[in-house]
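In: quick one: sequence and predicted model below, then my questions.
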Amino acid sequence: AQSVTQLDSQVPVFEEAPVELRCNYSSSVSVYLFWYVQYPNQGLQLLLKYLSGSTLVKGINGFEAEFNKSQTSFHLRKPSVHISDTAEYFCAVSFGGTSYGKLTFGQGTILTVHP
Amino acid sequence: DTEVTQTPKHLVMGMTNKKSLKCEQHMGHRAMYWYKQKAKKPPELMFVYSYEKLSINESVPSRFSPECPNSSLLNLHLHALQPEDSALYLCASSQGGTEYNEQFFGPGTRLTVL
């Protein structure tokens, strides 16, 4: 079965600390991977995506993610977080052969950055 | 223009009202999506239009009626809603509607059904 799991529902960190938000998927077909951020009462904004090629992808706001096919993971990282990074983060996967780019979302991780 | 716009931002309606949500994009995208998002949950896909044709309906109740008048516009007509339909309704678009096309999301309409 195809699924996406975000292992942590909430991640609290202090400002300027590094952070990793974890995402794992289950699939027997090819995958296209996305991380979105959602600030309170707003829509989703694309942080980064992995389609093919280099497994380390860099996105906006200093975030990066690494695709690990053997571990079926796509963890999001930032070396030093700011208060403004407080938001909810969704990992989303489009499975190969999926009609019309249908996304399967993880349950989301709320990142709270404390001063 | 890399924006998806949605109107209104907020909507309060009674269970007997008829209202519509509007979504617009001018990126030349050919796929448009409606999602419903409840608090502390990920978005749930409702409908997909591809090249102005309804391509996916995720078994959504008929009190939600989508419409795609042209390639830039997407409407969601609401009628006889229930309080449990209160949610954030998100519109998105993508270039070709394939697995590798990223979706661009609008800011959403916060709907409250009384």
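Out: Right, received. Where do you want to start? The structure displayed is predicted, hence computed values, not measured ones.

In: tell me what A:V37 is bridged to.
Out: A:Q45, A:Y89 (DSSP bridges).

In: tell me where the model's unsure across chain A.
Out: Counting by pLDDT under 70, chain A shows no low-confidence range.

In: residue of chain B closest to chain A, please.
Out: The nearest approach of chain B to chain A comes at B:P42, 3.6 Å away (Cβ to the nearest Cβ). For every residue, glycine as well, the C-beta is placed using N, CA and C.

In: so what's that residue closest to, chain neighbours aside?
Out: With Cβ to Cβ, 6 or more residues apart in numbering or on different chains as the measure, A:F105 is the residue that lies nearest to B:P42, at 3.6 Å, once sequence neighbours are left out.

In: what's the neighbour count on that neighbour?
Out: For A:F105, the tally of surrounding residues (other Cβ atoms under 10 Å in any protein chain shown) stands at 21.

In: ok, it touching A:C91?
Out: Yes: contact between A:F105 and A:C91 holds when scored by Cβ atoms under 8 Å: they sit 7.3 Å apart.

In: what do these two both touch?
Out: Shared contacts of A:F105 and A:C91 (Cβ atoms under 8 Å, 6 or more residues apart in numbering or on different chains): A:V4.

In: now the residue of chain B closest to chain A: which helix or strand?
Out: Taking DSSP states H and E as the definition, B:P42 sits outside all helices and strands.

In: and it, how many neighbours?
Out: By other Cβ under 10 Å, 22 other residues sit near B:P42.

In: show me the contacts for it.
Out: The neighbourhood of B:P42, defined by Cβ under 8 Å, 6+ apart, consists of A:90, A:105-108.

In: ok, for B:L78, nearest residue in space, not its chain neighbours?
Out: Nearest residue to B:L78 in three dimensions, chain neighbours excluded: B:K19, at 4.9 Å (Cβ to Cβ, 6+ apart).

In: what helix or strand does the one you found sit in?
Out: strand B:18-25.
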